[in-house]
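Novice: got a sequence here, can you model it:
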Amino acid sequence: MLLRCTLTGVEPDTDLDALCALGDAFPFTEFGVLFSFSRAGHGRYPSIRWIRTLARSIERTGDSGRWALHLCGSAVDDYLAFNPGVHQVTSAFGRVQLNLKSSIGTDKRIRAAIHASPGQILITQHNATNSSLAYLLCDEPTHWSLCDSSGGRGQEPLSWPAPIVSGKPFGYAGGIGPPNLERHLSTIQSVVGGLPYWVDMESKLRDADDRFDLTAAQRCLEIAASYTQMMTKARSALDG
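Specialist: Numbering: from 1, shown residues only. Coordinates of the predicted model:
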């Protein structure tokens with residue numbers, strides 16, 4: 001069951017009114033924002049000031065379920081160290097993704113962060129480096145895993161794995177975009193069966209100037225919406 005499509009890489013140049021209109025038209029949409037101290041203000045990484053302004057807007061509108069914050073680099077360490085400045089920003093977002101490489105004790109630090117922010121979904125990438133996290137945190141319902149060996153480089157995998165922990169939504173990312181989304185959705189659906197999942201897109205949503213492309217985003221949502229409708233009809237038929 002496709003839960004949502006995450007469109008990552010929203011930036012200051014993005015028309016937020018048009019973006020919110022897309023979200024209204026396609027309620028399964030989630031917008032991802034990249035948070036990096038070292039790359040802030042460059043390319044797909046907004047300035048910290050812009051992200052803080054966005055966080056305040058999300059809090060005012062109560063629209064946290066539509067937004068995810070993807071922490072990169074030292075921002076992850078600050079988050080896991082409970083830096084109040086970082087947590088003040090992350091608290092506005094419905095989901096927080098930690099782009100990290102797991103090491104000894106990482107699961108304990110993540111568990112502490114989960115318990116400190118009840119109700120907020122915490123995502124870690126599932127790849128060769130982080131493969132143990134899904135199992136070590138399998139008893140934490142608000143810890144979800146995202147299959148992502150690409151790491152934002154737009155590289156398609158040779159195959160997609162089945163969900164790691166039954167009953168928890170499992171995410172898929174890596175080289176997904178308008179030209180191949182329908183094919184990947186079909187393949188992923190055959191792997192997950194009726195289990196809940198989501199897809200995350202980033203690199204293939206960029207235009208020639210490396211800006212977030214609203215046209216590409218809308219095309220992806222149209223494809224996913226059609227696919228979701230087909231699955232809904234199938235479930236209705238099964239329910240009688």
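
Novice: which SS class is Leu71?
Specialist: Classification of Leu71 into helix, strand or coil gives strand, according to DSSP: H, G, I helix; E, B strand; the rest coil.

Novice: you'd agree it is up against Arg95?
Specialist: No - in this structure, Leu71 is not within contact of Arg95 by C-beta atoms under 8 Å, at 11.2 Å. Backbone N, C-alpha and C define where each C-beta goes, glycine included.

Novice: need the contact list for Glu11.
Specialist: Counting by C-beta atoms under 8 Å, 6 or more residues apart in numbering, Glu11 touches 43-46, 211-212.

Novice: show the pLDDT at it.
Specialist: Per-residue pLDDT puts Glu11 at 96.

Novice: SS state for it?
Specialist: coil.

Novice: what's the spacing between it and Gln88?
Specialist: In this view, Glu11 and Gln88 are 21 Å apart by C-beta to C-beta, to the nearest Å.

Novice: equivalent analysis for Gly62, please.
Specialist: Per C-beta to C-beta, Gly62 is found 17 Å from Gln88.

Novice: where does pLDDT dip in this structure?
Specialist: Flagging of the chain using pLDDT under 70 yields the residue ranges 150-154, 229-240.

Novice: residue boundaries of the helices in it?
Specialist: Taking DSSP state H as the test, the helices found in the chain are 16-25, 48-61, 74-80, 84-90, 106-116, 133-136, 181-192, 214-239.

Novice: any chance of the ones you listed in CSV, plus mean neighbour count and distance to Asn127?
Specialist: Supplementary listing: the helices of the chain in CSV, determined by neighbours: other C-beta atoms under 10 Å; distance: least, C-beta to C-beta, whole Å:
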stretch, mean neighbour count, distance to Asn127
helix 16-25, 13, 29
helix 48-61, 15, 25
helix 74-80, 20, 15
helix 84-90, 16, 22
helix 106-116, 16, 13
helix 133-136, 17, 10
helix 181-192, 16, 17
helix 214-239, 15, 23
